[in-house]
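J.: Here is my input; please provide its structure:
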Amino acid sequence: YSIAAQARAVLEIAPPGCVMVGHSMGAQVAVEAARQAPERVAGVVLLDAAFIAPTEKALAFGEGLRAQLARVDIPRMIEAFGRNQFVAPPADPAAVDALIAVMRATDPAVTRAAWDAILDWDGRTAFAALACPILAVAIDKPINRLADLARLNPRCMTGQVAGSGHMVQFEAMPQVEAMIRRFFSLSFGSGG
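T.: Sure thing, here's the model as predicted:
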């Protein structure tokens, strides 16, 4: 379940010249895939990326969550975690319920291994090595400071949505879509 192994798996099916979009852990996987195969990945879009250059507070939270995963009812904890990732009630509660159902059904050993992978991956090194255009979209209270990401890699464009928690795809997609269109226009000469 390492981020490197997940990136290799994604690269097996990704078309050459793709732009990878990843949310949370998926953002780490997109960065790692672009690092592993820069000739195959034209760009990356990161939606509230998991730990790349996390704040101390975010890292402490992540480590605390890792410790909890060793001793709690994981399906119940994951459901509470997922439902607490919103700033406002979601516009599509059925979609959120479906996501939570998948999260609850995940084998607890897989959940633990995935969280270990998130925390143990060297995001700073991988992110700094990217040669492709990057768009990092943060939420109201981001895990990674956008200024830190921009310092790590000058190819990084940044944007921050208003009024969104971690599940940005359920809360602020019109804002995110506008940022992605602008990123494509500036990076690739097209709107998407």
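J.: Please report how far the residue lying farthest from the centre of the chain lies from Leu65.
T.: Among the C-alpha atoms of the chain, the one most distant from their mean position (Cα atoms, centre = their mean) is that of Arg71, at 25.6 Å. Here the criterion is Cβ to Cβ, to the nearest Å. By it, Arg71 lies 12 Å from Leu65. The C-beta positions use only the backbone N, C-alpha and C, and glycine is treated the same way.
J.: State the mean pLDDT of the longest helix that the chain contains.
T.: For the chain, the longest helix by residue count, based on DSSP state H, is helix 173-188. The pLDDT scores in helix 173-188 average 96.
J.: Could you list every helix and strand in contact with it?
T.: strand 18-23, strand 41-47, strand 134-138, strand 156-160 (3 or more Cβ pairs under 8 Å, 6 or more residues apart in numbering; DSSP states H and E).
J.: And the residue positioned nearest the centre of the chain, what's its pLDDT?
T.: Closest to where the C-alpha atoms of the chain average out (Cα atoms, centre = their mean) is Ser24, at 2.3 Å. With respect to pLDDT, Ser24 scores 96.
J.: so who does it touch?
T.: Under the criterion of Cβ atoms under 8 Å, 6 or more residues apart in numbering, the neighbours of Ser24 are Leu47, Asp48, Ala49, Ala50, His166.
J.: again, only using 6 Å
T.: Contacts for Ser24 were tallied using Cβ atoms under 6 Å, 6 or more residues apart in numbering; they are Ala50.
J.: gap between it and Phe81?
T.: The value you get for Ser24 to Phe81, if Cβ to Cβ is used, is 11 Å.
J.: What are the boundaries of the helices in the chain?
T.: Assigned by DSSP H, the chain shows helices spanning 3-13, 25-36, 56-69, 74-83, 93-105, 108-120, 123-129, 146-152, 168-171, 173-188.
J.: Compare the ones you listed and report which one is nearest to Thr158.
T.: For those, the distance to Thr158 is smallest for helix 146-152, at 4.0 Å, taking Cβ to Cβ.
J.: buried residues in that closest one?
T.: Leu146, Asp148, Leu149, Leu152 (16 or more other Cβ atoms under 10 Å).
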